[in-house]
Structures are given as C-alpha cells and as structure tokens.
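Novice: got a structure for you, letters missing:
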C-alpha cells in the first residue's frame, strides 16, 4: 500500500521432490487456507494473482502446477483473485494462446510475466526464440479483451520476467519491450472481420493468411515514430549504447549498486 | 439404455490444425452448448464423462485439451458430469497422479482409460512401459476414494483403452488386467499410517520407503490365488495359449468375424 | 532411373512397440545390412538419404530414431549416403538448427522434408506454427553451405512433406513454398559480417538484433516481384482461387482422379 | 594421477542463451580443439568421458547437446575417449536404453551418472521416479556387455550424480545404491534365451512377460543376504538411522564440515 501498488502476485515455488512426499489434496487445501488468509486482508481495490508453474528443477510436483489448478484457487478465493500466466511455466508444447483465451472467457486472466524460452522456464528476452507465439498470444488478448470490453492498458497486469546472465539487463529490457510492442501492434493489425469470416467459412487457408499478413508486416518504423512522438528515442538500443547510458548510471550510482532494471 | 449402460463418454477428437482456424472461446461455448443438450437428455442415474486429450496428430489445438478444460465443462454441466482420464492424453512429463488426486478432491473424477505410452497417445498395454506411474495413480485412487468414502468397484468407471497392432488383442487385455490388478493390490498394501507420519514429519526418505516397499512386493502369487478362488485360471496368459482359446474362438466365430476383445 | 531421379530416400517406419520386443543392437545391424545392399546397387551419381524420426504413434523405439543414429548409418554406408532432416521428426524442444549446422559440418546433410508442427510429426504447412524456427534453420543453411562452397540449389534435396486434412493440397503447397522462400530470402539478408563480429565480441544483444533485423523485414513484395519476373503470379494463392485452377483441374482430370499436388 | 584416478569426465556446462549468439560449427570445432589438447596429455591407461546434456536453465543451445554430438567428439579424439550417460540429460521421452545399447555396440559407452527425474535434470534419487526405466537400462547393459565380453565391474564408470535438497545425502545415497543394485540383480535374472526366442519369433507378448517376470521379482531379501555376507548391514537405511551414524559423523567432524557423501 505504501508503494502505491494495487496487486499482489503469489508465486509459490513449492511442491515435492519425490513421490509420496506430499499428500496432493492436503497440500492443495493447506495452500488454499493460506491464500484465503491473504485474500481476506486484501484492500478492496487490489487484485491477487495466483501464478502457476509446471515444474522447478529437482521437483516431482508443484503446489500450483498448471492453469487449471490456479483457476481452482482463484475461483475459490473470490472475484479479486486471478490467474497469472508466465510464458515459461508450461509443459513442453503447451498451447499457451488457448489458455489465455479461456482464462479471458472465464474473466480470470490477471496478467502476464513475459519472457521466452527454448526448453523450460528460461526467462529469456521476450520474442527472442518464439516471436510468432508471442504474436498469437496478443492476437487472443486483443480479441478476447475487446469481446469483454476490457481496457487494454489497465485491466491486465503486464510484467516482464526475464533474467540476464549474458546480456546487459537494460538492453535485455529494451529488446523485450520492443518485441512485446511489435506483437501487440501486429495483433491490432489483424483484420478481425476477415478472420471471423474465414473461421465461419471453415477456411484455414484464409485464416492463416489473415494472421500472417499481420505478423509479416514490418511495423518497426511505426513503433519508432510512435516512440518519437511520445518523447522517446527512435532506436532505444542504439541510443542506450551510443549515449553511454550504462556508464552514466554507473558513474551516478557507483559500480557496486545493482542497477537491475527490474 | 437398451444395452443396460449407465454412463456416456464424450470423446471429441475435435480442435484445429492451424493458428487462426478457430476462435477458442467460441469453440468452447459451442461445445458446451452441445454437451448441455446431451446432458439434458441424460437419464437421472447416468453419468456423463468428458474426456480430454492434449493433442492429436496433425492438430494445433484441442477442443478439450486438458483436465482443466474438462473440469470447466463438467462443472458447467452439473452433478452428473465428470472428467475422464486417459493415461496417454497428456503433454510430456505431466504429473497424472496429482491430476487424479485433485479431481477426486473436487468430486469430479469419473473414471479411466487405462493404457501405457512412451511418447504420446500410444495405447500400449497398461503397465508395459511405466508400471511405477500406474502404481502411483492407484496409490492416489485408494487414498482419495477412501478419504471420500467411495466404493472402489462402483464409483468410478474402469476401462482399458489399448490398441493392438502387434499383439493378440486378448493377450494384450490379459496383460493389461494383470498389470492393473497388481498396481491396485500394491496400492492396497501401502502402509497409510506410516506414509501419513512420514509426510507429517517432512521425511521424504521414509515416504519413499513406504511406497516402494509396497511396489517392490511380488504380489503375483496372491493375485493368482485370488483368481483361482473366483473360478479363474492361475496363469491366464499361459492358459489362453496352451488351451488354444484363440483357435477355438476362430473355429466358433469364423476367421473374418473380428473378435476384438474390446 | 527411368524417372530421371538421382536420389533415394529410405524412410523406415520401423521399430518396436514394447520393451523387450527388439534387440536394439541386432535391429541396427540388420537395418545396416539391408541398407548396404541397397547402397551397393546405387548408381554412382545417386545419393541415399537416411531419414530419422523420434517416434511413431504406438511405438516404443524407432530403428532410426535420431540424427545420431542416421549419421551412424550414413557414415558406415559411404560417401553417397546422407542424413535427411524432417522438421517434425524430433523429440520435444529439440534444437533442429544446431543439428542442421553439425550435419553440414560433417558433410552429411542430404536434404529436408519441410513442414511444421505444434506437438509431433504433424505435417502442417511449413511456417504456419514456428516461422522463426524455419528462418533459423535457413540461417544455418546459408552460412554452412557458403562455408563449404556448396550450391544452394543443387547440393541438397529440398522436399515438402505435409499432409492436408483441412486445406486444399495445392493451396497448402502454395503457402508452404511462400513460407520457405521468405525464410530463405530473410536468411540471405542476414548481415554475416555483423553477426560474426557480434559472436566474436560475445555480444548476444547485437547478434539477436542482426538476426531479427533480417527476420522482421517484410520481403513479400520482393518475392512477388521475383515471381513476376520469372513468369509466375504476383499473388499465387489469390490467383489460384480467382482463376478457378482447382475447378479447371477437376474438369480436366475428373473428380475421382486424385490431384494430390505431391 | 596423485589421487589414483584413471578417468577424466569432461562436463561442459557451455552453450548459448540466444539464437545467433554462437556459430554452432565453430563452437564445435573450438571445443574439439580444447578436448584434443586434454586428450593429448592423458596418461595411456586413462579414459576421457565426454558428457552430454540436452539443456541447462536459461540456455538455447548446448555445446555437447546429445549422445550423437558426444559420440562425434569421442570418435574424433581417439580410442581412450568415451561417451558418458547421465540419465537426466535428455529431451523429454528419450529412449535412453536404446542409446545405451547403441553406444555399447559402438564400443564408446564410458559410464553413467545415475539419478532419476520427472521433468529435467532433477538429480533425484536413482529409482525414485522411474524404476522400470532403470531396469531396462541395466537389461541393455547386461546383454550388451556380455555380447562384447566386457567386465561388468571394471569396464564402465559407475557414478551416482544426485543432489539432496530435502534428504540427508547419505540416506539418499543408500536409497540410490539399493535401487541400482536391485535393477542390476533383476537384469541378471532375465531369461536371455527366452527373450531371444521371443524376439526371433516376433512375439512381444512373450518378450514382455520375460522382462516383467524379472522386474516383478522381489530381490530385496537376496540383496540383503549378499550385503550381510560381504560384511554389510541387512537394512542399511534402518541401520544408518538407528545407529545414529549421522550424529556420530557430526560429532567426529564437526557440524560445519560438510559431509557431503559425494
């Protein structure tokens, strides 16, 4: 409250390492009781996000292992509780865009942790490995939020959750933001009427053309112009490097102060 | 009704092959409407099982893709609707025993399609690839059914769903039934009090010992004796081969009549 | 030979369904003996492609299960034998572009079966699900073929291997070809010197910028112009539909003649 | 050499996090050059083990990503170089027992890091999640080593590579060793002639019966007796707990000295 926050993300890196270690049902009920205590103390205008994750290293089960479990918790807790989707928290090959669509349908999508991954919860730069998947997720977001009359900016929690072992964290963020804005802008370009017509006509060839026509567009100039008009840099990454922002920040804060960018 | 059946399994091999082909939300709502019509016509003592499956060959999305979606359908439909678990219908590495436990907790586990698999929905003989997973599932079933006071024999639908490309289908069934009975008998041998104590003491070493002590027991002689007492063969597979049951059935029914055993 | 062919693809949908069914070593040796007989009869200017695949439905093991096994066969057979890569024939999350790079390094990449997939060997339209992966593969192909002085058009076998349950097969092919040409054209746009510099400087931010700068370009107008100059249609799919090519082909060949397009 | 060691395991937690970061071919060649330097300095009676791993958290590619790559390195290095198999270092659903069989066939299997896992490189107690897979691996080992006339004890490197976040590390080791010995003893019980007959007769039903007959046997009393005869405890875990070995070790070494058991 003191920070001006309006949402609380509950992320439980909890579960078991071995078969038999936990009684799944009791673990669920204990977790629910804990969440209910937290929920009861929640200010009336706050949201509670229940994050799920398929697995952690060294684990055999997770206390909130998938969107179905998260939705069970959120439904039991009440109208201020929602499911949070982290793109890296799924089993191999999961269709995340379908999960997003169904959570929106249920009125229970709370927000996102954006990142990308090749194998697991790799927390790589958003859009660096699977940019088309990111676009497909935004395609569902735009369609589903509009269908519910939601506000694109305010009605979901938009977060980036990436780690930076080999990249400057601010450069990583600049690349993530660019990829997310591109995916969002491309999703806004989807010809909704043509897509609905193709779906109604059972014409997957045409539906694919509609989606890929939006995805194949090079919207980088458009984004750059929009950034310029709102007082930003045309090329944020280039500016960051050429203007020596990192060096200036270090000079200002000292080398040992972690400027995490998070 | 004419067949004396009391349950209906709805298995929708439906979904989409390409991104954009379907509006996920509308597909869900259309499917729900169809299920509601079926449900409305259901006799009062029947159950409706909603089967889920992660993927089909050549598919991009499934209309009932996971247990979470199946549970949404079953909850919307009403108290006669349940989720059906087919062991091969999950994404890689899914923790099926946890799903079983949570569905029991919700009172929404309808039954099983037993089989085994290495990669996908392979419909191999139950217990032929992952016998310990089969035991862990029965461990949850015994614990969860007892916790709800359920009848082991009657309160769930027990089905075998295997295909037989390289095995005699009756021999495959005999092997499946043996594996399922072994897993069930082993699960009954689990020392519930010792397991609960180990869980309460946060002692995964002891919990693992309790489970594996049951699984490592060779209960084949016990099963054989039980079969004998109920009028069956001590060694069903050996009997089937030595008594020439297959040849006798062919002589009786003709070679072209398919005796599928299913 | 009569058909004017110069390559033979050996695709063995062989393996085992159950543990114990096969002796893996003997199966490998028997397969090798068979391939050696075929290889011995191969015309001197022909290539033999050994295709691999991680799994088939209902299988427990494959006789040629991954690129490592295919490479073993191809190496034992001799200089006319190569590995064939089908994009859908891998375990979940496999890094196909790395496999492509290493096979080129070994001089043993024979060619491709292009398609796309969400879960397994789905044989969907190339580029319909993971267009960035397709680009990354072409990025390795262009770099690796140039490094070996190979001819882009002639030194590899380029094949499309898709199935068409819900699309007109010719329309599917038109979409696949467009996606493949886009990925190839984008790969040709990669600034090789800048990429090598970024790699040498251990600068993954810059390396990603170089790759995505090529991928984000909208090269559809360029492809259309190139098609026009070579006597093709600017918009092949649109032309196919508006000119009624399918109807004309049916009128010419009859409805029952399968015009598979393959 | 000073330690009396005779083998060196090279485990490279190396690779790249993002597409474009590495040139795969050059990374392979650089790694090979490094390994060649190490190999050249290897005492004549030493082995070099090249470990592979499919992925690390936060990675996009691995420098030695699978058994095929490890085999390429080991083959280029020479007769003292071998592939090391860690059971947790594979993509989902990999058939590890087939890899083991083929590496033995090639004379390039160096040894093992035993552990178990549900999702990735979880380093859980051997046999705690997939005991039948462990048995199937030993089934290949016994068959393949005997076919090559290898010494079961000396010709491979047997290592346990587990981590212990929630178990006492010595208790974890005792459970791992018991599981490995059980799998080995069960594999020794496989009726090799009957299995070969079933394979030759293309009878997967019988082959499965042979394997499962060995696996279903409760060999724990046999192992206990063997341990007793060689001066060990009948029930090592029970002895460890009841005799207070951990407390005695702490008293002897001090609490802050890490008695890792590794």
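Specialist: Structure's in. What do you need? Predicted model, so just to flag it, every value in this text is computed and none were measured.

Novice: Pull the number of nearby residues for residue A:62.
Specialist: 23 (other Cβ atoms under 10 Å in any protein chain shown). Every residue, glycine included, has its C-beta placed from N, CA and C.

Novice: So it versus chain C, what's the distance?
Specialist: 19 Å (Cβ to the nearest Cβ, to the nearest Å).

Novice: what about the closest residue to that residue other than its chain neighbours, neighbour count?
Specialist: With sequence-adjacent residues excluded and distances taken as Cβ to Cβ, 6 or more residues apart in numbering or on different chains, residue A:62 is closest to residue A:15, at 4.1 Å. Close neighbours of residue A:15, defined as other Cβ under 10 Å, add up to 22.

Novice: quick one: residue A:15 from chain C, how far?
Specialist: Separation of residue A:15 from chain C (Cβ to the nearest Cβ): 21 Å.

Novice: Equivalent analysis for residue A:126, please.
Specialist: Taking Cβ to the nearest Cβ, one finds residue A:126 at 11 Å from chain C.

Novice: what does residue A:204 give?
Specialist: Counting by Cβ to the nearest Cβ, the gap from residue A:204 to chain C is 5 Å.

Novice: how many neighbours does the closest residue to that residue other than its chain neighbours have?
Specialist: Spatial nearest neighbour of residue A:204, excluding adjacent residues (Cβ to Cβ, 6+ apart): residue B:21 at 4.1 Å. Neighbour count for residue B:21, taken as other Cβ under 10 Å: 25.

Novice: hang on, residue B:21 packs against residue A:207?
Specialist: Yes: the pair residue B:21 / residue A:207 is scored as a contact, 5.2 Å apart, by Cβ atoms under 8 Å.

Novice: shared neighbours of these two, anything?
Specialist: residue A:199 (Cβ atoms under 8 Å, 6 or more residues apart in numbering or on different chains).

Novice: Run through the residues of the stretch 51-200 of chain A sitting next to chain D.
Specialist: Residues of the stretch 51-200 of chain A found near chain D (Cβ under 8 Å from any Cβ of the partner chain) are A:54-55, A:57-61, A:92, A:118-125, A:128-129, A:163, A:165-167.

Novice: Return the members of those classed as buried.
Specialist: In these, burial by neighbour count holds for A:54-55, A:57-61, A:92, A:118-125, A:128-129, A:163, A:166-167, counting by 16 or more other Cβ atoms under 10 Å in any protein chain shown.

Novice: what about the strands in chain A?
Specialist: All strands of chain A, identified by DSSP state E, fall at A:7-10, A:15-16, A:47-51, A:61-62, A:81-86, A:109-114, A:157-160.

Novice: and among these, the most buried is which?
Specialist: Compared across the strands of chain A, strand A:81-86 shows the largest average neighbour count, a mean of 25 (mean count of other Cβ atoms under 10 Å in any protein chain shown).

Novice: List the neighbouring strands of it plus their orientation.
Specialist: Based on DSSP bridges, the pairing partners of strand A:81-86 within the sheet are strand A:47-51 (parallel), strand A:109-114 (parallel).

Novice: Reformat those strands into a markdown table and put mean pLDDT next to each item.
Specialist: Supplementary listing: the strands paired with strand A:81-86 in a markdown table, determined by pLDDT from 0 to 100:
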| stretch | mean pLDDT |
| --- | --- |
| strand A:47-51 | 97 |
| strand A:109-114 | 96 |
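
Novice: just the residues of the stretch 51-200 of chain A next to chain D that are near chain B?
Specialist: A:54, A:55, A:60, A:61, A:92.

Novice: Spit out the contact partners of the second one.
Specialist: What that stands for is residue A:55. A:62, A:65, A:91, A:120, B:93, D:118, D:119, D:120.

Novice: ok, now with 7 Å
Specialist: Residues near residue A:55 by Cβ atoms under 7 Å, 6 or more residues apart in numbering or on different chains: A:62, D:119.

Novice: Next one, pLDDT for whatever residue of the stretch 51-200 of chain A ends up closest to chain C please.
Specialist: Residue nearest to chain C within the stretch 51-200 of chain A (Cβ to the nearest Cβ): residue A:92, separated by 3.8 Å. We note a pLDDT of 97 for residue A:92 in this prediction.

Novice: Please apply the same query to residue A:262.
Specialist: Confidence score, pLDDT, at residue A:262: 39.

Novice: ok now do residue A:52, which residues does it touch?
Specialist: Contacts of residue A:52 (Cβ under 7 Å, 6+ apart): A:64, A:65, A:66, A:67, A:69, A:70, A:83, A:89.

Novice: how about 6 Å then?
Specialist: Counting by Cβ atoms under 6 Å, 6 or more residues apart in numbering or on different chains, residue A:52 touches A:64, A:66, A:67, A:70.

Novice: Could you work out the most separated pair of those residues?
Specialist: Using Cβ to Cβ, the pair of these lying farthest apart is A:64 and A:67, separated by 9.4 Å.

Novice: what about residue A:147, how many neighbours?
Specialist: By other Cβ under 10 Å, 14 other residues sit near residue A:147.

Novice: That one - nearest residue in space that isn't next to it in sequence?
Specialist: residue B:25 (7.1 Å).

Novice: Can you tell me how far that neighbour is from residue D:146?
Specialist: Distance, residue B:25 to residue D:146, using Cβ to Cβ, to the nearest Å: 59 Å.

Novice: what about those two, which has more around it?
Specialist: Higher neighbour count among residue B:25 and residue D:146: residue B:25, with 19 against 11, using other Cβ under 10 Å.

Novice: Chain A against chain C: which residues are in contact?
Specialist: A:92-93, A:119, A:128, A:131-132, A:166-167, A:171, A:204-205, A:208, A:216-218 (Cβ under 6 Å from any Cβ of the partner chain).

Novice: and residue A:27, what does it touch?
Specialist: Residue A:27 touches residue A:63, counting by Cβ under 6 Å, 6+ apart.

Novice: Nearest approach to residue C:40 belongs to which of the strands of chain A?
Specialist: The nearest among the strands of chain A, by Cβ to Cβ, is strand A:61-62 at 54.3 Å.

Novice: Direction included, what does that closest one pair up with?
Specialist: strand A:15-16 (antiparallel).

Novice: hmm, back to that, now the two most distant members of the residues of chain A next to chain C.
Specialist: Most distant of the residues of chain A next to chain C, by Cβ to Cβ, are A:166 and A:205, 40.9 Å apart.

Novice: Quick one: low-confidence residue ranges for the stretch 151-262 of chain A.
Specialist: Where the stretch 151-262 of chain A drops to pLDDT under 70, the residues are A:256-262.

Novice: Going by proximity to chain D, name the top residue of it.
Specialist: residue A:166 (5.2 Å).

Novice: That residue contacts residue C:205, doesn't it?
Specialist: No: the criterion here is Cβ atoms under 6 Å, and residue A:166 misses it with residue C:205 at 8.8 Å.
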